[in-house]
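Asker: the following block contains a protein sequence and its predicted model.
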Amino acid sequence: MKARRVHGLDPEGPLADNVERIVRVRLDELYGFMPKAADPRHVEALHDMRIAAKRLRYVLELFAPLFGAYAETAAKRARELQDLLGEIHDCDVTIPRVEELIEELRVRDALEVRALAGDAEELDPALVAQAPHAEAFRGLESLAVHLRARRLLLFERFGELWTSLQRQGFAARLAFAMGERAGTPRSHGDNGRGAGSHVPSPWPAP
């Protein structure tokens, strides 16, 4: 996924001001995948959201000390999100490979069983018991079921984590922290403008 461009960077300006711009774009980028990523069928959206979380995490880990205290917490939350989405992505990559291998074995076994039938006018169903990959089939089918069940579990955890982040005010608190500068008090009139602070949770409340 190509990163969204950050406009208005000033090479001669304060580092913190430039980083703030980057973080706000990365935060908007992350939220841009919702509510699409709330649908487990949207594999690509989940994968791209993982990349967006990684980009946000990296910039926060590098520069969090420049900003308010919540910036470091936000880096940890972004890493949790990235890791969980990464596990889902692993399932999404592995499941098709396992199913492809099952199909390859199915074709090979069909050819073997056909050869066993020889010149018979009809195929004896009992010959299927002699298929050479029957045991491998059982193992691969079990693996496929395990991976699909694990993905269901991981996706539930993703929903819970995302809901928790919204309830904690993740986007608004990070936007506020990015407007702060480490060691500099902030006036009560500044309530944390910017990216993501208005974004509602796409997940239904329990």
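Answerer: Structure's in. What do you need?

Asker: which residues of this protein score low on pLDDT?
Answerer: Within the chain, the stretches with pLDDT under 70 are 183-206.

Asker: residues contacting the residue nearest the centre of the chain?
Answerer: The residue lying closest to the centre of the chain (Cα atoms, centre = their mean) is residue 85, at 2.6 Å. Contacts of residue 85 were listed using Cβ atoms under 8 Å, 6 or more residues apart in numbering, and they are 46, 47, 49, 50, 53, 158. No exception for glycine: its C-beta is placed from N, CA and C like everyone else's.

Asker: report how many residues lie close to the third one.
Answerer: Okay, so that is residue 49. For residue 49, the count of nearby residues is 27 (other Cβ atoms under 10 Å).

Asker: which residue, other than its chain neighbours, is closest to it?
Answerer: Residue nearest to residue 49 in three dimensions, not counting chain neighbours: residue 33, with 4.0 Å by Cβ to Cβ, 6 or more residues apart in numbering.

Asker: related to what we said a few turns ago, is the residue nearest to the centre of the chain in a helix, a strand, or coil?
Answerer: helix (DSSP: H, G, I helix; E, B strand; the rest coil).

Asker: which SS class is the closest residue to it other than its chain neighbours?
Answerer: Distances taken as Cβ to Cβ, 6+ apart put residue 50 closest to residue 85, at 3.6 Å, once the chain neighbours are dropped. Residue 50 falls in the helix class when you classify it by three-state DSSP.

Asker: so which of the contacts of residue 85 wins on neighbours?
Answerer: Ranked by the number of neighbours (other Cβ under 10 Å), these place residue 49 first, at 27 neighbours.

Asker: tell me who's in contact with it.
Answerer: If you count contacts by Cβ under 8 Å, 6+ apart, residue 49 has them with 30, 33, 34, 37, 81, 85.

Asker: by neighbours, which of the residues you listed wins?
Answerer: Busiest of those [other Cβ under 10 Å] is residue 30, holding 28 neighbours.

Asker: was I right about that residue contacting residue 51?
Answerer: No: using Cβ atoms under 8 Å, residue 30 makes no contact with residue 51, being 9.6 Å away.

Asker: next one: residue 8 from residue 24, what distance?
Answerer: 10 Å (Cβ to Cβ, to the nearest Å).

Asker: tell me which of these two has more neighbours.
Answerer: For the pair residue 8 and residue 24, the greater number of neighbours falls to residue 24 (20 against 9), based on other Cβ under 10 Å.

Asker: for the residue nearest to residue 49, helix, strand, or coil?
Answerer: What three-state DSSP gives for residue 33 is coil.

Asker: secondary structure element holding the closest residue to residue 98 other than its chain neighbours?
Answerer: Using Cβ to Cβ, 6+ apart and skipping the chain neighbours, the partner closest in space to residue 98 is residue 144 (4.9 Å). Per DSSP states H and E, residue 144 falls inside helix 134-167.
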